[in-house]
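[1] Requesting a structural model of the entry that follows:
(one chain, ligands or ions: 3)
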Amino acid sequence: MKIIMLGAPGAGKGTQAKKLAEKYGIPHISTGDIFRANIKNNTELGQKAKVYMDQGLLVPDELVVDLVVDRFKNPDCEKGYVLDGFPRTIPQAEALDEALTKNGDAIEYAIDVDVPDEDIIKRMSGRRACVNCGETYHIVNIPPKKEGICDVCNNSLVLRDDDQPETVKKRLAVYHEQTQPLIDYYRNKGILKTVDGTKKMDETFDEIVAIIEA
Ligand code: AP5
Ligand code: MG
Ligand code: ZN
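    Residues are numbered from 1 along each chain as shown. Ligands and ions are numbered 1, 2, ... in the order given. Next up, the predicted model:
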């Protein structure tokens, strides 16, 4: 099962992708998480990506595409995967199609998690992420059991650098300009499905599962 999660920053792509990965036993591949792990480990890729991410800009396509296509070679991708935050530009989508077509593969669902910009800005200021494992919470909607502490690994929770309000506005502008065109791209391929991301987390998840199991 090969799924792409589309949606604005903070729409809940990561939250839903993680649940899908658990339910269907496929890996959750988040390019944002991969970059953050590289930044934490101070790799060359991390140093390059951080310059763009901190400004709310996209990392250049050439730093992203090979990374993801290489990841598919991992044996855990045999049954499929859920892509979160990739592709994010038309050239990335085209590169993905090309890589898949070579193997006679294709994406089955592109799920757009739809949330208006106003809701996004509110959500992001409440998001907290674990410094160690990247697990995300929301101080009101999805709080950790113990305030400021990750349920999974007991490390501390922080506001992501790029979740500062001004950077969130920039990320939204970049989304509308560079990523939103992918909605039409996948609609034209006949695999676009839109779900309401303003509902409760589990309700949005049920909508996605209903689409997949229809
Ligand atoms: P990335 O990490 O992908 O960030 P993003 O797309 O901006 O998305 P987020 O992770 O911020 O949001 P999300 O949709 O996953 O929402 P979440 O589930 O956390 O990318 C970061 C940066 O890396 C980019 O800006 C770019 O620079 C670079 N990058 C990454 N991929 C790239 C690529 N392919 N090409 C180029 N550059 C790339 O939810 C948000 C919050 O809301 C959480 O607090 C959550 O708990 C809460 N929440 C979730 N669902 C609900 C709900 N239903 N109701 C209420 N609250 C909810
Ligand atoms: Mg995410
Ligand atoms: Zn953690």
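[2] can you list the residues of this structure near ligand 3?
    130, 132-133, 135, 150, 152-153, 155 (C-beta under 5 Å from the ion). All C-beta atoms are positioned from the backbone trio N, CA, C, and that covers glycine.
[3] Buried subset of those as a PyMOL selection?
    Only the buried entries of these go into this PyMOL selection, using 16 or more other C-beta atoms under 10 Å:
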select buried, resi 130+135+150
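[4] Reformat the residues of the chain next to ligand 3 as TSV; add secondary structure.
    Listed next are the residues of the chain next to ligand 3 as TSV, based on DSSP: H, G, I helix; E, B strand; the rest coil:
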residue	secondary structure
Cys130	strand
Asn132	coil
Cys133	coil
Glu135	coil
Cys150	coil
Val152	coil
Cys153	coil
Asn155	coil
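[5] Considering the residues of the chain next to ligand 3, which is situated nearest to ligand 1?
    Glu135 (9.7 Å; C-beta to the nearest ligand atom).
[6] For the one helix or strand in the chain whose mean pLDDT sits lowest, name the packing helices and strands.
    Lowest by mean pLDDT, DSSP states H and E among the helices and strands of the chain is helix 117-126, with a mean of 90. If you count contacts as 3 or more C-beta pairs under 8 Å, 6 or more residues apart in numbering; DSSP states H and E, helix 117-126 packs onto helix 165-174.
[7] ok, 10 Å please
    Judged by 3 or more C-beta pairs under 10 Å, 6 or more residues apart in numbering; DSSP states H and E, the packing partners of helix 117-126 are strand 136-138, helix 165-174.
[8] Give me whichever of those is most buried.
    Stretch with highest mean neighbour count among the helices and strands packed on helix 117-126: strand 136-138 (a mean of 20; mean count of other C-beta atoms under 10 Å).
[9] what phi and what psi does the backbone show at Asn132?
    phi -100, psi -60 (degrees, to the nearest 10).
[10] Thank you kindly, that will do.
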